[in-house]
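> Test case, fold it:
(one chain, ligands or ions: 2)
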Amino acid sequence: MKTLLLGADIPGIMEAAKTIRNGGLVAFPTETVYGLGADAKNETAVNRIYAVKGRPADNPLILHIHDLAQFHAYADAPEYFELLAEAFWPGPLTVVVPKKSTTPGWGTAGLPTIAIRMPSNDASRLLAKHAQTAIYAPSANLSGKPSPTSARHVLQDLDGKIEIVLDGGHCIYGLESTVLDISENTPRILRPGFITAEMIYERIGILPESGHQQSKQPKSPGVKYKHYAPNAELTVVNGSPASAAAFINEHASKTEKRIGVLATDQTVEKYDLNKYSVLNIGDRLKPELIGAGLYAALRKFDELGVEIIYAEGIIGTGIGAAVMNRMAKAAGGRVVNL
Ligand code: TXA
Ligand code: MG
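Numbers count the residues shown, from 1 in each chain. Ligands and ions are numbered 1, 2, ... in the order given. Purely as a prediction, here's the structure:
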């Protein structure tokens, strides 16, 4: 199959909407990461998303909507849902809610709940509007790889496997949406993102819990799989700029392997650019900047063919929590705390 790369302008969006209506797959930009979309009503098209990504069948998808009528067609709303929708939609918040009895099982991996979000990016909303359907869309990467934050990243993983990629440039947030489970009594953040627990507390007056209940099956099945991982073995090093750079330099000098270093403004001068592939991701004190560049940097290291990556950690509060969550997952848990 030849994959068409189209601009995320009106002609491109209209063509992509037609493809969605005809049961095809379209990768499209959102404010978080690129999504791989199919008509939510079309079981065959939704199943193809799983096939092209190599996604495990028990990992449910997020339904992308462009108005609240679409929400109510698929899901029941708990009390404080309206407050959340008013505050954060359109935007990078996904809610997990009880699904309606009429909502089909495909896309939700047979769960009694459904994950829904209304993206704020114009191209993604216009696509759902003109396709005249809600769109199931996971991130548009091969399962296990870093999520794509540009059309080029999508093509790296899915060229020849899907009908269209809409090129809308770089995603402004660069990390996936916050996933907030409001299907039970206590709201719970299953995946941290740019909408933080504190921001949610300000709107609903309840501080959501974080992570998964130990006693239970993982509620967000996706969290149990390897994620966001570059080909190289990644280690995250948490510490002050000076101590992190000293640790990385000491360990990097002990191996013959090709080393990549994910450095920050505060440390970049401490690494020998002739010895290591050094990428500067920016100011440590700006987590939104680090988040926006993280996946692109991980993919860049793969292109450079490095075998071992050391990434400096940042402060894991607020938006930094989302950044550190993704870094730790990409590292498969290899995190050094100095
Ligand atoms: O920002 C985003 O959310 C992007 C863009 C494209 O919108 N999408 C995205 O989708 O990151 P995906 O499929 O890569 O991640 C969806 C996450 C997975 O961890 C999945 O397990 C979880 O949402 N999820 C989906 N439905 C769920 C449900 N009913 N209950 C709990 N978790 C659910
Ligand atoms: Mg994903």
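> Could you give the backbone dihedrals for K100?
phi -70, psi 150 (degrees, to the nearest 10).
> Please look at it and D76 and confirm they touch.
Yes - using C-beta atoms under 8 Å, K100 and D76 qualify as a contacting pair, with a distance of 6.3 Å. Using the backbone N, CA and C atoms, a C-beta is placed for each residue, glycine as well.
> So which of the two has more stuff around it?
Neighbours were counted for K100 and for D76 using other C-beta atoms under 10 Å; D76 has more, 16 against 12.
> quick one: P192 and N325 touch, right?
Yes - applying C-beta under 8 Å, one finds P192 in contact with N325, separated by 5.1 Å.
> Compare neighbour counts for these two and give me the winner.
When neighbours are counted by other C-beta under 10 Å, P192 and N325 differ, and P192 comes out ahead with 25 against 22.
> what's the closest non-adjacent residue to that one?
Closest residue to P192 in three dimensions, ignoring its sequence neighbours and counting by C-beta to C-beta, 6 or more residues apart in numbering: A322, at 4.2 Å.
> That neighbour is in what secondary structure piece?
Take DSSP states H and E as the rule and A322 turns out to sit in helix 319-330.
> what does the next helix-or-strand element following that helix contact?
Scanning the chain past helix 319-330 towards its C-terminal end, the next helix or strand to appear is strand 335-337 (assignment: DSSP H and E). Contacting residues not belonging to strand 335-337 are listed as 235-239, 247, 313, 327-328 [C-beta atoms under 8 Å, 6 or more residues apart in numbering].
> What is the nearest of these to A123?
Using C-beta to C-beta, the shortest approach to A123 within the contacts of strand 335-337 belongs to M327, at 28.1 Å.
> ok so, going back, what do P192 and N325 both touch?
Between them, P192 and N325 share no contacting residue under C-beta under 8 Å, 6+ apart.
> centre of the chain versus stretch 53-71, how much separation?
In terms of C-alpha atoms, centre = their mean, to the nearest Å, the centre of stretch 53-71 is set 13 Å apart from its chain centre.
> first to last residue in it, what's the distance?
26 Å (C-alpha to C-alpha, to the nearest Å).
> Is there proximity between that stretch and ligand 1?
Yes - in this structure, stretch 53-71 sits against ligand 1 according to C-beta under 6 Å from any ligand atom; the contacting residues are 59-62.
> could you dump those to CSV with pLDDT?
As requested, the residues of stretch 53-71 next to ligand 1 are exported to CSV (pLDDT from 0 to 100):
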residue, pLDDT
N59, 96
P60, 97
L61, 98
I62, 98
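> pretty sure V165 contacts T3?
Yes - when contacts are counted by C-beta under 8 Å, V165 is listed as touching T3 (6.1 Å).
> The two - which one has more neighbours?
For V165 and T3, the more surrounded residue by other C-beta under 10 Å is V165, and the numbers stand at 29 against 16.
> Now for that one: which residues touch it?
Taking C-beta under 8 Å, 6+ apart as the criterion, V165 is in contact with 3-6, 26-27, 34, 140, 151, 154-155, 158.
> Just the pLDDT for L127.
Per-residue confidence (pLDDT) for L127: 96.
> Can you work out which other helices and strands pack against the helix or strand of the chain with the lowest mean pLDDT?
Within the chain, judged by mean pLDDT, DSSP states H and E, the helix or strand with the poorest mean is strand 209-210; its value is a mean of 92. Packed against strand 209-210 by the contact rule (3 or more C-beta pairs under 8 Å, 6 or more residues apart in numbering; DSSP states H and E) you find strand 188-191.
> Can you tell me the strand partners of the strand it packs on and which way each runs?
According to DSSP bridges, strand 188-191 forms sheet pairs with strand 178-181 (antiparallel), strand 209-210 (parallel).
> how far away is the residue sitting furthest away from the middle of the chain from A245?
Computed with C-alpha atoms, centre = their mean, the residue of the chain farthest from its C-alpha average is K254, at 34.2 Å. K254 sits 15 Å away from A245, taking C-beta to C-beta, to the nearest Å as the criterion.
> ditto for I182
I182 sits 42 Å away from A245 when distances are taken as C-beta to C-beta.
> ok, back up a step: can you redo the strands paired with strand 188-191 as JSON lines with mean neighbour count?
Supplementary listing: these in JSON lines, determined by neighbours: other C-beta atoms under 10 Å:
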{"stretch": "strand 178-181", "mean neighbour count": "24"}
{"stretch": "strand 209-210", "mean neighbour count": "14"}
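> OK, contacts around the most centrally placed residue in the chain?
In the chain, the residue lying closest to the centroid (C-alpha atoms, centre = their mean) is E176, at 2.7 Å. When contacts are counted by C-beta under 8 Å, 6+ apart, E176 touches 32-33, 92, 139, 147, 191, 193.
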